[in-house]
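In: build me a model:
(2 chains, ligands or ions: 2)
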2 protein chains.
Amino acid sequence: MGDTLLIPRLTIIGVGLIGGSLARALRRAGAVGEVVGCGRNEQSLRRGVELGVIDRYTSDPAAAVEGADVVVICTPVSAMRAMFTAIRDHLAPQAILTDVGSVKGCVVADAQAVFGSLPERFVPGHPIAGTENSGVEASFAELYERRRVILTPHVESDAAAVDRVRTMWQCCGAEVVEMGVRHHDEVLAATSHLPHVLAYTVVDTLASMDDRAEIFRFAAGGFRDFTRISASDPAMWRDICLANRDCLVRTIDEYVDNLQRLRSALIAGDETTVFETFRRAKHARDNFYRD
Amino acid sequence: MGDTLLIPRLTIIGVGLIGGSLARALRRAGAVGEVVGCGRNEQSLRRGVELGVIDRYTSDPAAAVEGADVVVICTPVSAMRAMFTAIRDHLAPQAILTDVGSVKGCVVADAQAVFGSLPERFVPGHPIAGTENSGVEASFAELYERRRVILTPHVESDAAAVDRVRTMWQCCGAEVVEMGVRHHDEVLAATSHLPHVLAYTVVDTLASMDDRAEIFRFAAGGFRDFTRISASDPAMWRDICLANRDCLVRTIDEYVDNLQRLRSALIAGDETTVFETFRRAKHARDNFYRD
Ligand SMILES: NC(=O)c1ccc[n+]([C@@H]2O[C@H](COP(=O)([O-])OP(=O)(O)OC[C@H]3O[C@@H](n4cnc5c(N)ncnc54)[C@H](OP(=O)(O)O)[C@@H]3O)[C@@H](O)[C@H]2O)c1
Ligand SMILES: NC(=O)c1ccc[n+]([C@@H]2O[C@H](COP(=O)([O-])OP(=O)(O)OC[C@H]3O[C@@H](n4cnc5c(N)ncnc54)[C@H](OP(=O)(O)O)[C@@H]3O)[C@@H](O)[C@H]2O)c1
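Out: Numbers count the residues shown, from 1 in each chain, chains lettered A, B, ... in the order given. Ligands and ions are numbered 1, 2, ... in the order given. So this is what the prediction gives:
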């Protein structure tokens, strides 16, 4: 009976928001047999068992992957290299290895360094879904519904492995697309990493002002939405921003150029440039969202 | 019976989101007798009557203020000077004049220029409430509940007039505070005008990229919240940003300095600075909101 399951044994390394939600969604879909969790913090792993997210756990990555059909690394990107090293000699021959890291260039480079060359059954992935909360308590089965998941398979990737990872995410309600590693990191720098940097910086700027207590008191509803992403885990975002710094710095520079153009228009009283910038932005956003 | 009402006759000039919501809230509170609307677009004024927001309307500001107890100017800030000019010789002797403009320095300067000196019964105001939508259709009675309204009375302001405007907003469920004009414009540059400029600029930057269609496709949930304010009316925000450009440009400069510091830290691989910036921001935001 276990043989008819998509993933008889699933190992999640890093049972937080992303890993926990994946386990919940796959369980709800009836796609997994046993779910093994792995992490450093025993208390949160125990909580994962209590919540029904995982069936059992170990803090030893090598033991965690023993006999697993699919291994998903869901730690911060800065920890992935150590995880690859820890599991390298313990993966079952047919095991499929994938990850959820927000940057793909660094993860692929880490895998290459640790495994010598990219394993055929390694399929890098990134679900475009998340919230500003972290940890297994914040996980929920619906996180990936109608969200996109990007896979960045390499030329040597085994087609059956890519298919299984694709099906795994589809079972969670996601739409799966493929993309090159480099292109992924450029697109995500613009749509995700830049906005986080800007939101963190705006809150930090306001918080350093003399009348900061008053300033936050008079922030309206729009400010709360605008700064919501600055409540995200600072360690995770430090890792992401540093791992993707080449693309991110280029995007920051493009952004600052545009901001300086707007600043000049404000000083010059150039109503047209100010209006056209705002109008183009509203038009682009309205086109892409129907709130 | 009319005499026991807070405002027997109220005139709203500019019956949009802010003016329409004020009229609805006061009506719900039983604080107004007749509500007279004034604007340029007859169709939207007629819609205001249909929706029960106003009782009657005229497109002539002079006629609209005839016999009014309280006149609230709710047009974009760029139109306020023309409104002051149009109504100056038609206000009833006891009429109280107030406004809702998002910048106070320019409104006070306009009033001074038109009236010669600031009228005793003029009480500048600004409700810290709004949405990204505009027009009378978007108005709703609850907009001001548990929101703050800032009044910036001048030294010659009549105490009874200030009291009446304060009570008017309290009837809408708002908390009223007083502040100096200059201070208001500095605080709002930081909490409202800067975020709007940043959000418009980020969307415009992304929309000008070669792969913009793909870029918006891969924007996650956080991006939608982050950019919501960029769906606001570009003409209104052009007016606000230009009217408050001195404060706004100073705030933009402070912001860009901080962003460049972060950029340097990214290039240098300075994990501590990146982490500390993000951590301080998360800490400040978590302290001020409990989502
Ligand atoms: N949140 C998002 O919006 C989002 C979206 C897409 C992708 N991602 C990616 O998903 C991954 C996880 O993010 P998340 O939001 O799920 O974070 P999370 O809720 O903090 O979960 C991360 C998990 O990894 C473990 N972990 C943390 N540091 C570790 C380390 N140094 N070594 C080994 N394990 C460690 C933690 O468990 P222990 O403390 O028990 O070790 C924790 O359970 C990251 O790579 C992130 O880039 C995040
Ligand atoms: N939206 C916010 O978040 C917010 C928050 C606090 C304060 N405010 C301030 O509130 C005021 C109104 O904003 P709103 O959001 O209510 O905008 P809105 O929904 O667009 O309403 C503005 C109204 O003013 C009239 N109007 C527009 N341009 C005019 C002009 N040149 N001359 C005369 N009337 C004109 C319009 O009616 P006609 O087209 O019929 O003339 C419209 O009904 C602005 O001063 C704004 O700074 C806005």
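
In: center of chain A, which residue is that?
Out: Centroid-nearest residue in chain A, with CA atoms, centre = their mean: residue A:102, separated by 3.9 Å.

In: these two touch, right, it and residue A:192?
Out: Yes - judged on CB atoms under 8 Å, residue A:102 makes contact with residue A:192 at a distance of 7.1 Å. Where C-beta positions appear, they are placed from N, C-alpha and C, glycine not excepted.

In: give me the nearest residue to residue A:140, chain neighbours excluded.
Out: residue A:21 (5.8 Å; CB to CB, 6 or more residues apart in numbering or on different chains).

In: burial of residue A:151, as a residue count?
Out: Using other CB atoms under 10 Å in any protein chain shown, residue A:151 has 20 neighbouring residues.

In: one more: residue A:25?
Out: Neighbours of residue A:25 (other CB under 10 Å): 24.

In: hang on, it is in a helix, isn't it?
Out: Yes - under DSSP: H, G, I helix; E, B strand; the rest coil, residue A:25 sits within a helix.

In: run through the bridge partners of the closest residue to residue A:127 other than its chain neighbours.
Out: Distances taken as CB to CB, 6+ apart place residue A:149 nearest to residue A:127, at 4.6 Å, with adjacent residues excluded. In this entry, residue A:149 is beta-bridged to residue A:127, residue A:176, by DSSP bridges.

In: wait, residue A:149 touches residue A:177, no?
Out: Yes - judged on CB under 8 Å, residue A:149 makes contact with residue A:177 at a distance of 7.5 Å.

In: who has more neighbours out of the two?
Out: Counting neighbours by other CB under 10 Å for residue A:149 and for residue A:177 shows that residue A:149 has the greater number, 22 against 15.

In: and the more buried one, what does it touch?
Out: A:125, A:126, A:127, A:128, A:129, A:169, A:174, A:175, A:176, A:177 (CB atoms under 8 Å, 6 or more residues apart in numbering or on different chains).

In: the closest residue to the fifth one other than its chain neighbours: how many residues sit nearby?
Out: With CB to CB, 6+ apart as the measure, residue A:147 is the residue that lies nearest to residue A:129, at 3.9 Å, once sequence neighbours are left out. Applying other CB under 10 Å, we find 18 residues neighbouring residue A:147.

In: hang on, isn't residue A:147 packed against residue A:170?
Out: No - with contacts counted by CB under 8 Å, residue A:147 stays clear of residue A:170, the gap being 11.4 Å.

In: overlap in contacts, those two.
Out: With CB under 8 Å, 6+ apart, residue A:147 and residue A:170 have no common neighbours.

In: and stretch A:167-186, how far apart are its ends?
Out: End-to-end span of stretch A:167-186 (CA to CA, to the nearest Å): 26 Å.

In: tell me which residues of that stretch are tucked away?
Out: For stretch A:167-186, a neighbour-count test (16 or more other CB atoms under 10 Å in any protein chain shown) marks A:168-174, A:176, A:179, A:181, A:184-186 as buried.

In: find the least confident helix or strand in chain A, judged by mean pLDDT.
Out: Lowest by mean pLDDT, DSSP states H and E among the helices and strands of chain A is helix A:212-217, with a mean of 85.

In: what segments of chain A are strands?
Out: A:7-13, A:32-38, A:56-58, A:70-73, A:96-99, A:122-123, A:125-128, A:148-151, A:175-178 (DSSP state E).

In: of those strands, which is nearest ligand 2?
Out: strand A:125-128 (29.9 Å; CB to the nearest ligand atom).

In: residues in contact with the closest one?
Out: A:18, A:22, A:98-102, A:104, A:143-144, A:147-152, A:165, A:169, A:174, A:184, A:188, A:192, B:218-220.

In: neighbours of whichever residue of the stretch 51-200 of chain A sits closest to ligand 1, how many?
Out: Closest contact between the stretch 51-200 of chain A and ligand 1, by CB to the nearest ligand atom, is at residue A:130 (1.9 Å). Close neighbours of residue A:130, defined as other CB under 10 Å, add up to 23.

In: touching, it and residue B:222? I think so.
Out: Yes - using CB under 8 Å, residue A:130 is in contact with residue B:222, at 6.9 Å.

In: biggest helix in chain A, by residue count?
Out: helix A:245-268 (DSSP state H).

In: which elements pack onto that one?
Out: On a contact count with 3 or more CB pairs under 8 Å, 6 or more residues apart in numbering or on different chains; DSSP states H and E, helix A:245-268 meets helix A:181-188, helix A:194-207, helix A:271-288, helix B:194-207, helix B:245-268.

In: just how off-centre is the last one within its chain?
Out: Between the centre of helix B:245-268 and the centre of its host chain there is 26 Å, according to CA atoms, centre = their mean, to the nearest Å.

In: name the residues of it that are buried.
Out: B:245, B:247-249, B:251-252, B:254-256, B:258-259, B:262-263, B:265-266.

In: between those residues, which is nearest residue A:240?
Out: Nearest to residue A:240 among the buried residues of helix B:245-268: residue B:266, at 11.0 Å, using CB to CB.

In: let me see the contact set for the closest residue in space to the closest one that isn't next to it in sequence.
Out: Using CB to CB, 6+ apart and skipping residues adjacent in sequence, the residue nearest residue B:266 is residue A:245, 4.5 Å away. By CB under 8 Å, 6+ apart, the contact list for residue A:245 reads B:266, B:267, B:269.

In: now residue A:247
Out: A:185, A:186, A:188, A:189, A:193.

In: need the residues you listed in CSV with pLDDT, can you?
Out: What follows is the contacts of residue A:247, written out as CSV (pLDDT from 0 to 100):
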residue, pLDDT
A:185, 97
A:186, 96
A:188, 96
A:189, 96
A:193, 97
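
In: give me the below-cutoff pLDDT ranges for chain A.
Out: Within chain A, the stretches with pLDDT under 70 are A:1-3, A:291.

In: could you break it into its assigned domains?
Out: Annotated domains of chain A cover A:2-179, A:184-288 [automatic domain parsing].

In: show me what from the stretch 51-200 of chain A comes close to chain B.
Out: In this structure, the stretch 51-200 of chain A approaches chain B at residues A:128-132, A:147-148, A:150, A:183, A:187-188, A:190-192, A:194-200, judged by CB under 8 Å from any CB of the partner chain.
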